[in-house]
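Participant: with the sequence up front, the predicted model follows.
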Amino acid sequence: MHNLVSDVRHALRTARQHPFVAFAAVLSVAICTGPNCALFSVAASVLLRPWPVEKPNELAYVGMYYHHRGGLSYPEYEYLARRSRSLAGVIAWDRGGALMNIHGQTEIHTLNHVSRNYFSVLGVKPRVGAGFSFDDEPTANSQDESALASCGSHSLRRRSNG
């Protein structure tokens, strides 16, 4: 404790003898601290906020990636989803693009391709349209690609509906 008191007295004495150096030191700390606080506040609000789902503390992300072929195939997902005993639910999602004709203009848009139990496992409802359930899933042997689900953004829906 004695060292701390003597260090503070020495710092104050030095600041009194060289006020411009003290001002420059305080200013540089303020200039560095301000943007750091602002950046952390933005990052914390975006990255650390809970997801807008029913039980965000119960979510876990498990991913697999193979260098030669990407992630899990649909039959592998279906195998995991149907046989999982320790998890309340397993969902699959992938991001992909689609060419869409909106008001006579062909545009490329990003869509999320999701499993049919996506909304029910997350405990949310789609803002527009009917949801879908795991019972609606195509089987691994299904060749009917129209049974796959895609979700577009709210802004895409607004653009396409005028």
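Facilitator: Right, received. Where do you want to start?
Participant: make it CA atoms for all contacts and neighbour counts henceforth
Facilitator: Noted.
Participant: quick one, domains of this structure?
Facilitator: Taking automatic domain parsing as the reference, the chain has its domains at 2-47, 56-160.
Participant: would you single out the least confident of the ones you listed?
Facilitator: Lowest mean pLDDT within those: domain 56-160, at a mean of 72.
Participant: coming back round to it: save the domains of the chain as TSV, and put in mean neighbour count too.
Facilitator: Shown next, in TSV, are the domains of the chain (neighbours: other Cα atoms under 10 Å):
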stretch	mean neighbour count
domain 2-47	11
domain 56-160	12
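Participant: quick one: the residue nearest the centre of the chain and residue 6, what's the gap?
Facilitator: Nearest residue to the geometric centre of the chain (Cα atoms, centre = their mean): residue 47, 7.3 Å. From residue 47 across to residue 6, the span is 43 Å (Cα to Cα, to the nearest Å).
Participant: cool, and residue 53?
Facilitator: Distance, residue 53 to residue 6, using Cα to Cα: 55 Å.
Participant: one more: residue 88?
Facilitator: 61 Å.
Participant: residue 80 too?
Facilitator: 66 Å.
Participant: repeat that for residue 33.
Facilitator: 27 Å.
Participant: show me where the chain has helices.
Facilitator: In the chain, the helices defined using DSSP state H lie at 2-17, 19-47, 74-83, 118-122, 154-160.
Participant: now those helices as TSV including distance to residue 58?
Facilitator: TSV is the format used below for the helices of the chain (distance: least, Cα to Cα, whole Å):
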stretch	distance to residue 58
helix 2-17	47
helix 19-47	17
helix 74-83	17
helix 118-122	10
helix 154-160	26
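Participant: for residue 61, find the nearest of the ones you listed.
Facilitator: Among those, helix 118-122 comes nearest to residue 61, with 12.4 Å by Cα to Cα.
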